[in-house]
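Visitor: Sequence first, predicted model second:
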Amino acid sequence: MKQIAYSLKSLKDGEIPDEGTMSIMLVQRGTTYKGTASLKEADPTVFDVESEEYPGQPDESFTIDGVITLVFSTYDYDAAQLVAYKGGEIAADGAWEKPLQNPEIERSFQTIAKDGTLVEIPRGKLRSKINYEMKQDGVGLLENTVTVLKPTGAGVKALRISKYVAPVVNAGADQPGVVLANAALLGTAVAYRGTIVSKLWTCTSKPVGAADPGITTPAALATNITGLVDGVYVFQLAATDSNDFTGTDKVTVTVDVA
């Protein structure tokens with residue numbers, strides 16, 4: 001599968017489930033500072049088994065894969081993100097208070113590029129440090145490095161790179177023989193990742209000269225349509241997920257009231 005990842009659409013993290021799988025309870029914390037996000041694999045380490053007698057002619061050669069890291073900096077972090085990334089606690093006045101010793105923190109991480117490239121890290125070791133440059137062109141950054149670790153869940157891969165899929169939406173079967181001035185629509189919407197956060201029914205086509213039909217509950221999967229006249233209507237159901245991807249589907253309603 002061809003990947004052409006460019007720029008960052010979102011970066012989220014979440015607590016690793018007890019099963020050792022990828023977290024599905026992901027949240028976005030602050031905003032990523034321009035030019036700081038990257039996913040890199042270190043050069044592999046090569047070890048050659050070579051004799052003194054025959055230099056340059058190894059009997060065996062072994063390769064150890066390089067460590068993969070996700071690096072990013074946040075510039076509008078708050079006390080809640082500092083607790084999640086560096087431990088400590090939030091005081092009564094809302095201030096973050098540093099712990100005596102930084103804890104070992106592991107979380108799941110997900111990034112989505114603007115072309116839909118999806119990166120999932122079920123288990124990452126997080127190390128964060130504050131870099132607050134107090135000058136006119138300085139920015140108070142929280143610099144984060146995530147080391148990709150082997151997941152504890154059986155069969156779970158350490159890193160997945162794929163293309164994000166918009167929500168799968170079904171507006172229901174076409175209705176070819178409506179004989180009343182109203183009809184009922186029932187659709188479904190399933191998110192690829194995250195959850196469905198909004199739905200919307202709209203009328204995209206109607207008979208010439210007809211008034212706009214009434215949509216009783218346009219933000220629900222099930223709704224009633226009123227004010228229909230003879231002719232063909234097309235209704236569209238759009239659903240948007242928590243990663244801001246939208247899927248659509250259409251249904252045709254043919255009315256013959258006479």
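Guide: Noted; the coordinates are in hand.
Visitor: what about the closest residue to Thr63 other than its chain neighbours, how many neighbours?
Guide: Spatial nearest neighbour of Thr63, chain neighbours left out: Pro44 (5.0 Å); criterion: Cβ to Cβ, 6 or more residues apart in numbering. The way it works is simple: take the backbone N, C-alpha and C, and place the C-beta from them, glycine included. Pro44: 11 surrounding residues under other Cβ atoms under 10 Å.
Visitor: List the contacts of Pro44.
Guide: 63-66 (Cβ atoms under 8 Å, 6 or more residues apart in numbering).
Visitor: Could I get the full set of strands for the stretch 51-200 of the chain?
Guide: According to DSSP state E, counting those that start in this stretch, the stretch 51-200 of the chain carries its strands in the segments 60-64, 68-74, 89-90, 96-97, 105-113, 117-132, 140-148, 160-163, 168-170, 175-178, 183-186, 188-190, 196-205.
Visitor: Any chance of TSV for those, columns mean neighbour count?
Guide: Shown next, in TSV, are the strands of the stretch 51-200 of the chain (neighbours: other Cβ atoms under 10 Å):
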stretch	mean neighbour count
strand 60-64	9
strand 68-74	19
strand 89-90	13
strand 96-97	14
strand 105-113	20
strand 117-132	18
strand 140-148	19
strand 160-163	13
strand 168-170	17
strand 175-178	14
strand 183-186	17
strand 188-190	17
strand 196-205	15
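Visitor: do you know which of the ones you listed lies nearest Gly14?
Guide: Closest to Gly14 of those is strand 105-113 (Cβ to Cβ; 5.1 Å).
Visitor: Surely Ala181 is in contact with Asp230?
Guide: No. Applying Cβ atoms under 8 Å, one finds Ala181 not in contact with Asp230, separated by 9.8 Å.
Visitor: Spit out the residues that contact those two alike.
Guide: If you check Ala181 and Asp230 against Cβ under 8 Å, 6+ apart, the residues they both contact are 255, 257.
Visitor: Can you lay out the strands of the stretch 51-200 of the chain as CSV showing mean pLDDT?
Guide: CSV is the format used below for the strands of the stretch 51-200 of the chain (pLDDT from 0 to 100):
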stretch, mean pLDDT
strand 60-64, 92
strand 68-74, 96
strand 89-90, 96
strand 96-97, 96
strand 105-113, 97
strand 117-132, 96
strand 140-148, 96
strand 160-163, 95
strand 168-170, 98
strand 175-178, 92
strand 183-186, 97
strand 188-190, 98
strand 196-205, 98
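Visitor: Quick one: closest of those to Ser10.
Guide: The nearest among the strands of the stretch 51-200 of the chain, by Cβ to Cβ, is strand 105-113 at 5.0 Å.
Visitor: Could you export that closest one as PDB, CA atoms only?
Guide: This file holds the C-alpha atoms of strand 105-113, laid out as PDB (Å, rounded to 0.1, in the frame of the first residue of the first chain):
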ATOM      1  CA  ILE A 105       5.100   6.300  31.900                       C
ATOM      2  CA  GLU A 106       3.800   4.100  29.100                       C
ATOM      3  CA  ARG A 107       0.900   5.000  26.900                       C
ATOM      4  CA  SER A 108      -0.700   4.200  23.500                       C
ATOM      5  CA  PHE A 109      -0.100   6.800  20.800                       C
ATOM      6  CA  GLN A 110      -1.900   7.500  17.500                       C
ATOM      7  CA  THR A 111      -1.000   9.900  14.800                       C
ATOM      8  CA  ILE A 112      -3.000  10.800  11.700                       C
ATOM      9  CA  ALA A 113      -1.500  12.700   8.800                       C
END
